[in-house]
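# Structure for the following, please:
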Amino acid sequence: MPFKDLANNNFQDKASGFASNGVHAAAGYDYQFTHNFGLGLQAFYYESRFSERKFANYFAELLNDARNSVEPANGWSTGGILLRPYLTLPISNKFSVDVYGSAGFIGVYSPAYTLRRQSIIPPGPNPAYSYFRARSKAFSFAYGMGSRFNFNIAKHGLFFSAEYLISKIHYKDITGTGWDEKPYQMTITQNLGYISINIGYSYTL
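Sure thing, here's the model as predicted:
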């Protein structure tokens, strides 16, 4: 579930991401130093579509004389590697709870999309205008925290976890074509945030 600028739906703010809920996948290795403390390394991936619903809701709230549409080509893609120190709180022989922080580096690909606008003022026909933004990428430091509920039998286990991740992304080279049909280039700083609810499998060596 995206939040912060990533989830905003205000076209007046160029950092708004219009991201919808998506998927989160991760694989990691944890090393238990003591009975209660360990350190993990996790590779992860988030993906969220450009939300056509948020786009429609934004323009539905405005009084305007134009018909608006969007053609998203792809969505937001975020991946990276996190270091995760954690505390383990045993409940019983089979159950335990982990509480952890995380920090690392991420790469983000923003979506490409085309916006189209056409006046509906009679008598018409009225010309259509379009705005295009190309896919761009950026890299940044990210951090977060989470908790995990573990159920273990012998060397096998299942877990349920909830976590969030935040970062400030600086896109240095965003390009596209404006409403005036002229190419543009700009920089954008975006506050990115994800909340995820997960289920997973673990194996103890």
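
# can you pull out the strands in the chain?
2-4, 19-32, 37-50, 66-72, 76-90, 95-109, 113-119, 128-133, 137-153, 156-177, 183-203 (DSSP state E).

# which one of those strands has the lowest average pLDDT?
When those are compared on average pLDDT, strand 66-72 comes out lowest at a mean of 85.

# how about that one: buried residues?
Of the residues in strand 66-72, 68, 70, 72 count as buried by neighbour count, 16 or more other CB atoms under 10 Å. In this view, the C-beta of every residue, glycine as well, is placed from N, C-alpha and C.

# For the last one, which non-adjacent residue is closest in space?
The reference is to residue 72. Sequence neighbours aside, residue 50 is the residue nearest to residue 72 in space, at 3.7 Å (criterion: CB to CB, 6 or more residues apart in numbering).

# Also the second one?
Excluding the flanking residues, the one nearest residue 70 by CB to CB, 6+ apart is residue 55, at 4.8 Å.

# Now do the residue located most distally from the centre of the chain against residue 51, distance only.
Distance from the C-alpha centroid of the chain peaks at residue 123, with 43.4 Å (CA atoms, centre = their mean). The spacing between residue 123 and residue 51, counted by CB to CB, to the nearest Å, is 34 Å.

# Could you do residue 111 as well?
To residue 51, residue 111 is 10 Å away according to CB to CB.

# what about residue 162, neighbour count?
13 (other CB atoms under 10 Å).

# Next: residue 181.
For residue 181, the count of nearby residues is 10 (other CB under 10 Å).

# Could I get the phi/psi values of it?
Per-residue torsions, residue 181: phi 70, psi 20 (degrees, to the nearest 10).

# That one: what's it in contact with?
Residues counted as contacts of residue 181 (CB atoms under 8 Å, 6 or more residues apart in numbering): none.

# can you check the one 10 residues further on too?
With contact taken as CB under 8 Å, 6+ apart, residue 191 is in contact with 4, 5, 6, 15, 166, 167, 168, 169.
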